[in-house]
Every structure is written in structure tokens, then in C-alpha cells.
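J.: can't give you the sequence, but here's the structure:
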């Protein structure tokens, strides 16, 4: 019972952090519009999944749904667009986390070249690319009218930068937070 409550609390904190990271990404925009130059929730999402046992991932995926839909609705997106963006973002995070954990033994510390390359190539470049293509395709499918910032290269770059900016810090600080 205590473990379930702990997981619910951690998922709720993650959801709040996801929403805060999305707001911060909006504040870091160079010019107004739908394009974010860095999407920090991508790095947060990836790091949280990597640091969590796979059996707990559904709780974090559900928390990202609530946070993502809240953010998207506040930005004026429709429900279908919000669900499409959430699906692409979640698939990107899961693919990145699976690939990164296969590049490491245990929790990644980014202390080895293999772990750094795993984060850079597989997660930031690979999964972010898959996520970008899906985000643009799904968003265009549900809205029927692509926005100027919806090119896959813009989405890929913002998510890759978010992974490279947020994930290393979270992965490096995580062991410090666990010490008594």
C-alpha cells in the first residue's frame, strides 16, 4: 500500500514538473508561435522513465497524459490534437528509455562513452526523430491544417535539445537525491 502511494505521489510530482518544464520551454521561445526552440519535457520524460522500473512506467505515462493535455488545452489545442501530441511524445520517451537502458548496465550515470553516445545518438537523435515525424503526421491528420512551426525538423530539433539539456542533469543528480 505504501509503495502504491509512493508511486502515485512520484507520478503526480512528475506531472507537475512536466507542466512546469512545458511552461519554461514556452518562456524560452525566441519568437511567439507554436515552435519551441527547446522542449524540456522531452528530457524530463526520458530521464524519469530511465530511472524508474518498467513496471512503474504506466503511472508516469498517465501523468504525462494529464500534464500534456492540460498544457495543450491551455495553449488552445483541441482534444484530438492534444491526444496526438501526447501519443507521439510518449512513444518517443519510451523508445528513448528502452534504447538508453540497453546501452547501460543499471542506471545510466553518463560516466562512460557508451552511455553518453546512447543518450546523444539513440535518444536525442533517434527517438526524437521518430517522435517528430509522428507529432507532425498525427497533428496534421487531426487538425487538417499544419501550422508553420509543424515541420518535423523543428520538432526534432526542439525535442533533441530538450533531451540533451534536461536528461543529463536529472540523471546526474538522481543518485544525490537518493542518499540519506
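T.: Yep, that arrived. Just so it is clear, the structure is predicted and the values come from calculations on it, not from any experiment. Numbers count the residues shown, from 1 in each chain.
J.: if you skip the residues just before and after it, what's nearest to the residue positioned nearest the centre of the chain?
T.: The centroid of the chain falls nearest to residue 42 when counting by C-alpha atoms, centre = their mean (2.4 Å). Leaving aside its sequence neighbours, residue 42 sits nearest to residue 162 (C-beta to C-beta, 6 or more residues apart in numbering; 3.8 Å). Glycine gets a C-beta too; all of them are placed from N, C-alpha and C.
J.: Quantify the burial of that neighbour by counting its neighbouring residues.
T.: For residue 162, the neighbour count with other C-beta atoms under 10 Å is 25.
J.: returning to that earlier point: what residues are up against the residue nearest to the centre of the chain?
T.: Neighbouring residues of residue 42 by C-beta atoms under 8 Å, 6 or more residues apart in numbering: 89, 92-93, 128, 131, 158-160, 162-163, 166.
J.: which secondary structure element contains it?
T.: If you go by DSSP states H and E, residue 42 is part of helix 40-51.
J.: quick check: angle from the helix or strand just after that helix to helix 40-51?
T.: Going down the chain from helix 40-51, the next helix or strand is helix 57-74, by DSSP H and E. Put simply, helix 57-74 runs at 170 degrees to helix 40-51, going by axes from the mean of the first three to the mean of the last three C-alpha atoms, to 10 degrees.
J.: pLDDT of helix 57-74, averaged?
T.: For helix 57-74, mean pLDDT rounds to 96.
J.: Identify each buried residue in that helix, please.
T.: Using 16 or more other C-beta atoms under 10 Å as the test for burial, helix 57-74 gives 57, 59-61, 63-69, 71-72.
J.: got the residues you listed as JSON lines, with distance to residue 4 columns?
T.: Converted to JSON lines, these look like this (distance: C-beta to C-beta, whole Å):
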{"residue": "57", "distance to residue 4": "15"}
{"residue": "59", "distance to residue 4": "9"}
{"residue": "60", "distance to residue 4": "14"}
{"residue": "61", "distance to residue 4": "16"}
{"residue": "63", "distance to residue 4": "14"}
{"residue": "64", "distance to residue 4": "19"}
{"residue": "65", "distance to residue 4": "19"}
{"residue": "66", "distance to residue 4": "18"}
{"residue": "67", "distance to residue 4": "20"}
{"residue": "68", "distance to residue 4": "23"}
{"residue": "69", "distance to residue 4": "24"}
{"residue": "71", "distance to residue 4": "26"}
{"residue": "72", "distance to residue 4": "28"}
